[in-house]
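Asks: compute the structure for the input listed below.
(one chain, ligands or ions: 1)
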Amino acid sequence: MKIVALAGGVGGAKMAHGLAQILPPKDLTVIVNTGDDFEYMGLSISPDLDTVCYTLAGLANPETGWGRANETWNIISNIERLGGPSWFRLGDQDIATHLERTRRLKAGQTLSQVVKDFCAAWEVKQIILPMSDSPVRTMVDTDEGELEFQEYFVHRRCEPRVKHFRFDGISAAESAPGTREAVASADAVIICPSNPWVSVDPILQFISLQNKIVVAVSPIIGGKTVKGPAAKMYEELGIEPSALAVEKHYSGLLRGFVLDAVDESLSSQVSVKTLVANTLMNDYTDRARLAQDVLNFIRSL
Ligand code: FO1
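Replies: Coordinates of the predicted model:
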């Protein structure tokens, strides 16, 4: 079964890793959000792409979910000592990724080419595609004004209240090579348990899911998010955070919806077919089990 997974952030990477443990590599394409990308200290940073690639390569930091395992922090500590910025924590190994990506982009390579080469070097056999090769920047309109995504997310720890999201550059941007073809030839598309507002919505601007079997996995469990600000965002936008809110978010797109066992009672209110599953992914086994459950669910649709 050929699957396209739409992913951003740690939840998306874990689900992609679960799918990667089951599907033959050529049958899994992951289209990744690049709205969180930014330039920091002259470096081109692509957090969601790196999180997905590091996770599939088995190189991700198991505590944070982002960055590298067994990381050292010599460069950032020395920058800090010199009075430079250190709010965005870049480890030594991770900095090598950003230096090399920045060098290649400056030399004229596209982001897709860079990702392809890095995946080959890290022995990631699945197909990982950025949503676009053009810069798209998620801007968060808050009660303290409009902030760049990482400024809001990391520097301000998601404290400002959100009012609206804008994807700067989206009207001039095109989908990355291979994304539309991957969706067209997929048997199904899985929307990973990523933040609907800032991880999935940007990707959805680039692909058409018409007439596809689309299944979403809720990132909200019992009204809360496992990681990140999705529940807080729903609340601040005047929507009660719940799996139902996520299903409504994707209204018109879905053939099936996966919600956690904790939310089983909500299942009857969902307007598409549902799968109640254990969606918490604490370890590699949980990831593979959830992926298998979702694939079986897709077969039943
Ligand atoms: N998230 C943090 O909360 N704090 C950090 O200092 C931080 C550094 C960082 C470095 C590289 C990278 O690839 C990701 C990093 N992230 C950090 C995570 C990332 O910014 C967010 O999780 C995503 O953008 C949201 O999906």
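
Asks: alpha carbons only for contacts and neighbour counts from here, please
Replies: Will do.

Asks: for Ala216, give the beta-bridge partners.
Replies: With DSSP bridges as the criterion, Ala216 is bridged to Ile191, Phe257.

Asks: roughly how far does it sit from the ligand?
Replies: Computed as CA to the nearest ligand atom, to the nearest Å, the Ala216 to the ligand distance reads 17 Å.

Asks: next, the contact list for that residue, please.
Replies: Ile190, Ile191, Cys192, Pro193, Glu247, Leu254, Gly256, Phe257, Val258 (CA atoms under 8 Å, 6 or more residues apart in numbering).

Asks: just the buried members of those?
Replies: Among those, those buried by neighbour count (16 or more other CA atoms under 10 Å) are Ile190, Ile191, Cys192, Pro193, Glu247, Leu254, Gly256, Phe257, Val258.

Asks: ok, back up a step: of the contacts of Ala216, closest to Lys163?
Replies: Lowest distance from Lys163 to the contacts of Ala216 (CA to CA) belongs to Glu247, with 20.5 Å.

Asks: these two touch, right, that closest one and Arg255?
Replies: No - the criterion here is CA atoms under 8 Å, and Glu247 misses it with Arg255 at 10.6 Å.

Asks: distance from the chain centre to stretch 97-109, please.
Replies: Centroid separation for stretch 97-109 versus its chain: 22 Å, with CA atoms, centre = their mean, to the nearest Å.

Asks: now that stretch: mean pLDDT?
Replies: In this model, stretch 97-109 has a mean pLDDT of 98.

Asks: return the residues of the stretch 1-150 of the chain in contact with the ligand.
Replies: Residues of the stretch 1-150 of the chain lying close to the ligand (CA under 6 Å from any ligand atom) are 8-9, 36, 47-48, 50-51, 66-67, 87-90.

Asks: count the neighbours of Arg299 for me.
Replies: Residues near Arg299, counting by other CA atoms under 10 Å, number 11.

Asks: could I get the phi/psi values of it?
Replies: The phi/psi pair for Arg299 (degrees, to the nearest 10) reads phi -60, psi -30.

Asks: okay, it: pLDDT?
Replies: 98.

Asks: just the CA trace of stretch 113-127, in PDB.
Replies: Only the C-alpha atoms of stretch 113-127 are listed here, as PDB (Å, rounded to 0.1, in the frame of the first residue of the first chain):
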ATOM      1  CA  GLN A 113      17.900  18.300  -3.400                       C
ATOM      2  CA  VAL A 114      19.600  19.000  -0.100                       C
ATOM      3  CA  VAL A 115      17.000  16.800   1.700                       C
ATOM      4  CA  LYS A 116      17.600  14.000  -0.800                       C
ATOM      5  CA  ASP A 117      21.400  14.100  -0.400                       C
ATOM      6  CA  PHE A 118      21.200  14.300   3.400                       C
ATOM      7  CA  CYS A 119      18.800  11.400   3.500                       C
ATOM      8  CA  ALA A 120      21.200   9.300   1.400                       C
ATOM      9  CA  ALA A 121      24.000  10.200   3.800                       C
ATOM     10  CA  TRP A 122      21.900   9.300   6.800                       C
ATOM     11  CA  GLU A 123      20.600   6.200   5.100                       C
ATOM     12  CA  VAL A 124      17.000   7.200   5.200                       C
ATOM     13  CA  LYS A 125      15.400   5.100   2.500                       C
ATOM     14  CA  GLN A 126      11.900   6.600   2.600                       C
ATOM     15  CA  ILE A 127      11.100   9.600   0.300                       C
END
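
Asks: ok, and what's touching that stretch?
Replies: 20, 25-30, 49, 53, 56-57, 101, 104-105, 128-130.

Asks: which parts of it are buried?
Replies: In stretch 113-127, counting by 16+ other CA under 10 Å, buried: Gln113, Val114, Val115, Lys116, Phe118, Cys119, Val124, Lys125, Gln126, Ile127.
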